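Engineer: After the sequence you'll find the predicted model.
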Amino acid sequence: MSEALEGDRTFADKYPEEARIVRAALLSSFLALVIGAILGIIQTLHRTDVARIIPSTDYYTVLTAHGVFLAISFTTFFLVGLFTWAVVRSLDRPLLNTKITWTWYGLMAVGMTMTGVSILAGFVDAVDMSADVLFTFYAPLQAHPMFYAGLAVFIVGSWIAGADYFRTWLAWKREHPDERIPLQTFMVLTTMAMWYIASSAVAASVLIFLLPWSLGLIDQVNPTLTRTLFWFFGHPVVYFWLMPAYLLWYTVLPKIAGGRLFSDPLARVVFVLFLLLSTPVGIHHQYLDPGIAEGFKFISMTNTLFLLLPSLLTAFTVVASVEYGARQRGGGGLLGWLTDLPWRDPAFTGMMLAGLMFAAGGFSGMVNAGMNINYMIHNTIWVPGHFHLTVGTAVALTFMAATYWIWPQISNKPIYSRTIGLVQVVVWFVGMALMSNAMHAQGIMGVPRRTAEPEYTGFDYPTMFGGFEELNIQIAIGGTLLFVSTVLFIGNLLLTMGNPKVSGLADPLPPALSGPDDSPKVLDNLRLWVGIALTLVVLAYALPLAAIVQRGGLLGPGVGTYPVWLAPLFDALADAAAPLVGAVADASASLAEVVR
Amino acid sequence: MHIHAYEKIWLATSVLLILFLLGSVTYGAVGPGVAMVSDTEPTIDAGALDEDERFSEPRVEQVGENEYAAYVVARQFGFQPDPIVLPANSTVTFYITSADVIHGFEVAGTNANTMVVPGEVSEITVRVEEPQEYGLICNEYCGAGHHVMEGKVNVVSQAAFEERTSGGDGE
Amino acid sequence: MAQNETAHAPADDVGGDTEEFDPIGTLTLIGIYFVILVLSWVYIYYIEFLGRDLVVVG
């Protein structure tokens, strides 16, 4: 096939069945985005006391659903869609068996539906089901069993997706024995390898402890152990969200800017570093936990800070690739080239603004990683301020911006309105700038995260960077703009789907300036990197986990069970909890004695 | 493998930045002496706090010259004792545990902040200066009434503190 | 295999300046970012954090 002919065909032309899968995954992702955005606006207006349309006790149902739908469902469905596209496109070969592909897609959809239903049932008093345990589901707060079961099914689905990519790559490798792994496939494989390592811990936590416990098969769990297993997964998962955005920044953004990737070898190095360092860092979420030695916390901090390296390298490589594009377009000067970029293209502007926000998020991330400075910001609204810059913008805005570029490739339908797209990405940026900035500022004042009513009766917050109420207004305006931006995005996409199919939308990606032949062969040795990654995980976690089990036992040192889904008595509890809870605790303590 | 000279400069700068951050945190630990909450305290049966010498009666007591211990229980949805009254210009060690689920213990706007995990005791020592009233909040979601879980930490003058203690009730 | 990164780029597409491309603008931008990072960190760690009440010392 000649280059010219190839170049004229879109992904949808070449791989119609795979394109259908990619579209299905992306649409599932956007469904989660819509639900998450509706919950988001309810939350923003409630927390800031602008409009409280739900009782404050239901706020936590909203918050759980917002977290799970956006952080798990929106991100992962987009990821599997994008990765399917990236593997097939960069290997230039179809998937081995699309029945398997539809199977994992179906499992993920069923799992997420189970979990979603168990959460949303919390709104309906008549249904004896709820899962108001938030995205982190810390025991001994207990959700309905279907919440945990759904998560397990979802994760198993994602594992089969990973196997699908690996098998397709192995088939390609047999056909091309002497070729380097194409960059996009390399990125997919390293990310999925990281995902297997990371998600094994949360799967173990759910299947061994939390699900049996919620079914009444075991009486109690060790809260520190399940919490540690969660964060074993909970930090690498943020890179799992981020890696598809990196893939787009490395391989699609330079093309849109009119250039090409600056360095293929460095891109590989960056992904290898993420595979190695993403997991042995989770304890940095537990700097303020009792029952974990300071030494383990320090080791975790060191690993975490070195994890800055691949992101800082990415900043350079991606900006350099864009600069190359600008200079190809005739840009000059030290910084004058910045004006020679396609700022009217929503895909370009969206990804650039997402990257800019990520740079800001880099700073608050450094603070989060700094061990003792956590006393100042731990569990304050600073933390959600940080991750709304990272997952909420670097990832989410990149996904939306990339959709403007990729949707025509996978559907042969041109975007309905690029102008609306441009407005949409800018509105997101402005909204997030307002909201996130105010959240960071409130965090420094000590305003907690995860609360329906951050205003307290007994005291006032100190005033800095503007008062508490003033910052609340900024948060409310920012959150509203984010909601408007989501509506614009979804509306634009729906209208795009109504467009007739056309030809001539193909936009193939160029190879890197410094190609794969420049990079040492060892970079493609996935076995080696997975081996080292596992070793680092064992080094970072074997001793802390052993110490936790030694201290509290596998099932904890006498801890009760607090189902959020059995008794709708919480409204009254707020006033008169103590004696009641004491009795429950006594009962469960004697149970614990019996177990021993 | 070809790496552009500028990228090498940036790589070196990045490593320096990381070392600077590590150095700052280490300085905070050895200079001002900031210590992390750790595994210094043994585990405890969260269901049997009533029988525990320290937590059956949450209180503040003197343990040395200008040194005090505050035994605090967090439970859905409040702290005991409330308020926590401390004498000014003293060193106070908080021992905080939970009677039920995971909570947070945050003296708003200060560095006194820790997780409170059932079965574990969080130990943090702080230096208390001038008389002042602080808000105390639970900063980890702990159930549907989480947002009402608040308390107070009142730092009072030594004289006022002694008057209070000799007045009969330890809380 | 136009869509495959392993393919070699057509020469005319790359241009003659491949080897000489010096991303000086990028170096400038990222240098500015570095200065902002260091200054912000110094403020938040040494002034905001270490200057607070109730420093945890044990």
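Structural biologist: Received it, and whenever you're ready, just let me know what you need.
Engineer: use CA for all of it now, contacts and neighbours both
Structural biologist: Will do.
Engineer: Any part of the longest helix seen in chain C near chain A?
Structural biologist: For chain C, the helix that runs over the most residues, judged by DSSP state H, is helix C:24-41. Yes. Using C-alpha under 8 Å from any C-alpha of the partner chain, a contact is recorded between helix C:24-41 and chain A, made by C:Ile24, C:Gly25, C:Thr26, C:Leu27, C:Thr28, C:Ile30, C:Leu37, C:Ser40, C:Trp41.
Engineer: How about the residues of the stretch 251-400 of chain A by chain B?
Structural biologist: Residues of the stretch 251-400 of chain A lying near chain B (C-alpha under 8 Å from any C-alpha): A:263, A:265-266, A:287-294, A:302, A:305-306, A:308-309, A:312-313, A:316-317, A:370-373, A:375-376, A:378-380.
Engineer: so which of the residues you listed are also by chain C?
Structural biologist: Filtering these for proximity to chain C (criterion: C-alpha under 8 Å from any C-alpha) leaves A:Phe316, A:Ile373, A:Met376.
Engineer: How about the residue nearest the centre of chain A, nearest residue that isn't a chain neighbour?
Structural biologist: With distances taken as C-alpha atoms, centre = their mean, A:Trp241 lies nearest the centre of chain A, 3.5 Å away. Sequence neighbours aside, A:Thr75 is the residue nearest to A:Trp241 in space, at 5.9 Å (criterion: C-alpha to C-alpha, 6 or more residues apart in numbering or on different chains).
Engineer: show me the contacts for that neighbour.
Structural biologist: For A:Thr75, the contact set (C-alpha atoms under 8 Å, 6 or more residues apart in numbering or on different chains) comprises A:Ser29, A:Trp241, A:Ala396.
Engineer: Mind putting those residues into a markdown table with pLDDT and secondary structure?
Structural biologist: Formatted as a markdown table, the entries for the contacts of A:Thr75 read as follows, by pLDDT from 0 to 100; DSSP: H, G, I helix; E, B strand; the rest coil:
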| residue | pLDDT | secondary structure |
| --- | --- | --- |
| A:Ser29 | 98 | helix |
| A:Trp241 | 97 | helix |
| A:Ala396 | 98 | helix |
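Engineer: Secondary structure element holding A:Ile218?
Structural biologist: A:Ile218 is part of no helix or strand when elements are defined by DSSP states H and E.
Engineer: neighbours around it, how many?
Structural biologist: Burial measure for A:Ile218: 15 neighbouring residues, criterion other C-alpha atoms under 10 Å in any protein chain shown.
Engineer: my read is B:Tyr134 is in a strand, agree?
Structural biologist: Yes. Secondary structure of B:Tyr134, determined by DSSP: H, G, I helix; E, B strand; the rest coil: located in a strand.
Engineer: What residues sit buried inside the least confident helix or strand in chain B by mean pLDDT?
Structural biologist: None of the helices or strands of chain B scores lower by mean pLDDT, DSSP states H and E than helix B:158-166, at a mean of 89. Buried residues in helix B:158-166, defined by neighbour count with 16 or more other C-alpha atoms under 10 Å in any protein chain shown: B:Gln158, B:Phe161.
Engineer: What helix or strand is the residue of chain B found nearest chain A located in?
Structural biologist: Shortest chain B-to-chain A distance, computed as C-alpha to the nearest C-alpha: residue-wise this is B:Asp39, at 4.1 Å. For B:Asp39, there is no enclosing helix or strand under DSSP H and E.
Engineer: Now it. Nearest residue, chain neighbours left out?
Structural biologist: A:Gly291 is the one closest to B:Asp39 (C-alpha to C-alpha, 6+ apart), at 4.1 Å.
Engineer: how far away is that neighbour from A:Phe316?
Structural biologist: Note on A:Gly291: its distance to A:Phe316, by C-alpha to C-alpha, to the nearest Å, is 40 Å.
Engineer: Below-threshold pLDDT in chain A: ranges please.
Structural biologist: Per-residue confidence for chain A (pLDDT under 70) gives these ranges: A:1-7, A:565-596.
Engineer: just to revisit the earlier point, which one of the contacts of A:Thr75 is nearest A:Pro454?
Structural biologist: The shortest gap between A:Pro454 and any of the contacts of A:Thr75 belongs to A:Ala396, at 26.4 Å (C-alpha to C-alpha).
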